[in-house]
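In: let me see the structure of the following:
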Amino acid sequence: MTQKPTNRLLVCATCERADGVTGRQDCATLRGALKLAGFSDQIEVEATPCLGGCVDAVNISLQGKGRGTYVFDGLNIKASEAEIVKLCQMFLELKNGWIEDARPLGELRNRLRARIPTMD
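Out: Numbering: from 1, shown residues only. Model (predicted):
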């Protein structure tokens, strides 16, 4: 039996971009990208109710057990796909998932709205 990943990439299911694509539809895009990158066994992609960043959709959050939590807004998931995969890679490689230098994330770093340290 496969163990459930301890990390989650949450996508706001209620967000809708100007082009009519919803966050729920973006989950499939991210699942495919993480699978291709080899991270699907480590990070689960889930649609979630509103993340509270409604002013600038689509919102995502990356969190994990014993790791920091990140919240991003204003994303076009398809256009940001490679940067989101890089985010996940860094999150998995770094101690406690704490990203000190976000420059490798390109434009995604400018969409960061919260970085919350782990409780551990």
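
In: how far does stretch 10-24 sit from its chain's centre?
Out: Centre-to-centre, stretch 10-24 and its host chain are 13 Å apart (Cα atoms, centre = their mean, to the nearest Å).

In: give the buried residues for the longest helix belonging to the chain.
Out: Using DSSP state H, we find that the single longest helix of the chain is helix 77-93. Of the residues in helix 77-93, 77, 80, 81, 83, 84, 85, 86, 87, 88, 89, 90, 91 count as buried by neighbour count, 16 or more other Cβ atoms under 10 Å. Quick note: C-beta positions are derived from backbone N, CA and C, even for glycine.

In: could you identify the most distant pair in these?
Out: 77 and 90 (18.0 Å; Cβ to Cβ).

In: show me where the chain has strands.
Out: Per DSSP state E, the chain carries strands over the ranges 7-12, 43-48, 60-64, 69-72, 112-116.

In: which one of these lies closest to residue 97?
Out: Residue 97 lies closest, by Cβ to Cβ, to one member of the strands of the chain: strand 60-64, at 5.6 Å.

In: export that closest one as PDB, just CAs?
Out: Taking C-alpha atoms only, strand 60-64 is exported to PDB below (Å, rounded to 0.1, in the frame of the first residue of the first chain):
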ATOM      1  CA  ILE A  60      -2.000  28.300  -3.800                       C
ATOM      2  CA  SER A  61      -0.400  27.200  -0.500                       C
ATOM      3  CA  LEU A  62       2.400  24.700   0.000                       C
ATOM      4  CA  GLN A  63       2.700  23.000   3.400                       C
ATOM      5  CA  GLY A  64       4.200  20.000   5.000                       C
END
